[in-house]
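Trainee: pasting the structure only:
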């Protein structure tokens with residue numbers, strides 16, 4: 001039968017939000033470890049970027065790809081009122 005598309009859109013938004021959150025967690029963990037006392041007292045942002053620059057690049061690319069797909073999905077489904085399952 002026909003179903004409201006709003007539930008599907010909301011579910012997709014939640015999945016995208018979780019995916020984007022999971023992307024940033026490893027970088028946040030590394031940042032907190034890098035800046036913690038006892039490990040490197042003289043650590044700077046440039047040292048962090050040297051060490052984790054590739055990880056940040058992978059994060060940025062992944063975030064961009066997910067965001068672009070979500071935007072396309074949102075643009076398509078703004079015109080959908082109902083769909084059949």
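Mentor: That came in fine, so what should we check first? Treat the numbers as computed from the prediction; the structure is a model and nothing was measured.
Trainee: which stretches of the chain aren't confidently modelled?
Mentor: For the chain, residues meeting the criterion pLDDT under 70 lie at 1-3, 35-43, 85.
Trainee: tell me which helix or strand the most centrally placed residue in the chain sits in.
Mentor: For the chain, the residue whose C-alpha lies nearest the mean C-alpha position (Cα atoms, centre = their mean) is residue 20; its distance is 1.7 Å. Using DSSP states H and E, residue 20 sits in helix 5-35.
Trainee: the biggest helix by length in the chain: what's the following helix or strand?
Mentor: Of all segments of type helix in the chain, defined using DSSP state H, the longest is helix 45-77. Using DSSP H and E, the helix or strand that follows helix 45-77 in sequence is strand 82-84.
Trainee: picking up where we left off before, which other helices and strands contact the longest helix of the chain?
Mentor: The contact analysis (3 or more Cβ pairs under 8 Å, 6 or more residues apart in numbering; DSSP states H and E) places helix 45-77 against helix 5-35. No exception for glycine: its C-beta is placed from N, CA and C like everyone else's.
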